[in-house]
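Asker: Sequence unavailable; structure follows:
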Ligand code: IMP
Ligand code: MG
């Protein structure tokens with residue numbers, strides 16, 4: 001059955017904002033190399049677009065975490081399904097996320113990754129739903145603050161669908 005999708009952030013607006021974030025990161029990391037960590041699968045589209053707009057040297061790694069369940073809410077129990085290939089020691093790391101909701105996934109992940117002794121670690125998210133926060137995570141770069149609605153597109157899925165939409169949309173009829 002096909003759900004109805006309403007556009008929340010247009011492709012043009014997403015692209016423009018990513019351009020700004022890339023510029024800001026390039027300025028903040030002038031003279032350094034940034035190590036981007038993509039949290040699969042949702043952050044893939046965002047990270048690729050962001051990486052293309054960063055002008056300092058970039059390296060990239062990928063990890064996959066699942067917070068149990070395939071529904072619309074995170075359970076708070078996080079499992080590393082695919083770990084990073086490289087070490088973080090001495091690197092200036094930016095974790096790239098698609099969306100921060102309760103904050104549980106990132107709270108757990110940042111704790112785990114901090115133990116690998118990066119030189120620095122920051123967090124960049126395309127979307128933030130601040131109203132939904134349950135645990136406190138410090139976010140350094142935010143694309144858009146959005147209301148408490150379930151969104152898809154630009155990497156985000158609803159039951160694995162809609163990741164390929166080039167804009168951010170709201171699925172109508174999902175709580
Ligand atoms: P948190 O641990 O509650 O912050 O959950 C973050 C994860 O939940 C995200 O990385 C997404 O995979 C998923 N998620 C939260 N809100 C949405 C949404 O509106 N659309 C799609 N996925 C979402
Ligand atoms: Mg995610």
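Answerer: Thanks, I have it. As the structure is a computational prediction, the values presented were derived from the model and not from experiment. Ligands and ions are numbered 1, 2, ... in the order given.

Asker: Return the list of strands paired to the helix or strand of the chain with the lowest mean pLDDT, each annotated with direction.
Answerer: When the helices and strands of the chain are compared on mean pLDDT, DSSP states H and E, strand 78-82 comes out lowest with a mean of 90. Note on strand 78-82: by DSSP bridges, its sheet partners are strand 58-67 (antiparallel).

Asker: which residues touch the strand it pairs with?
Answerer: 33-41, 47, 51, 74-86, 91, 104-105, 109 (Cβ atoms under 8 Å, 6 or more residues apart in numbering). C-beta here means a position set from N, CA and C on the backbone, and glycine is covered the same way.

Asker: so of these, which ones are in helices?
Answerer: Among the contacts of strand 58-67, the members found in helices (DSSP state H) are 47, 51, 104-105, 109.

Asker: longest single helix anywhere in this protein?
Answerer: Longest helix of the chain, by residue count under DSSP H: helix 11-28.

Asker: what's it packed up against?
Answerer: With contacts taken as 3 or more Cβ pairs under 8 Å, 6 or more residues apart in numbering; DSSP states H and E, helix 11-28 sits against helix 44-52, strand 120-128, strand 141-145.

Asker: List the pairing partners of the shortest one within its sheet, with orientation.
Answerer: Think strand 141-145. strand 120-128 (parallel).

Asker: Give me whichever of the helices and strands packed on helix 11-28 is most buried.
Answerer: Comparing the helices and strands packed on helix 11-28 on average neighbours per residue, with mean count of other Cβ atoms under 10 Å, the densest one is strand 120-128 at a mean of 22.

Asker: Tell me the gap between it and the middle of its chain.
Answerer: For strand 120-128, the separation from the chain centroid amounts to 7 Å (computed by Cα atoms, centre = their mean, to the nearest Å).

Asker: Next one: it, is it in contact with ligand 2?
Answerer: No. Residues of strand 120-128 contacting ligand 2 under Cβ under 5 Å from the ion: none, with a closest distance of 9.2 Å.

Asker: taking the mean pLDDT, what do you get for that strand?
Answerer: For strand 120-128, mean pLDDT is 98.

Asker: check contacts around the residue of the chain found nearest ligand 2.
Answerer: When distances are taken as Cβ to the ion, the chain reaches nearest to ligand 2 at residue 42, 3.8 Å away. Going by Cβ under 8 Å, 6+ apart, residue 42 touches 97-99, 155-157, 163.

Asker: Report the rounded mean pLDDT for the longest helix of the chain.
Answerer: Confidence for helix 11-28, expressed as mean pLDDT, is 98.

Asker: Also stretch 145-162?
Answerer: For stretch 145-162, the mean per-residue pLDDT is 96.
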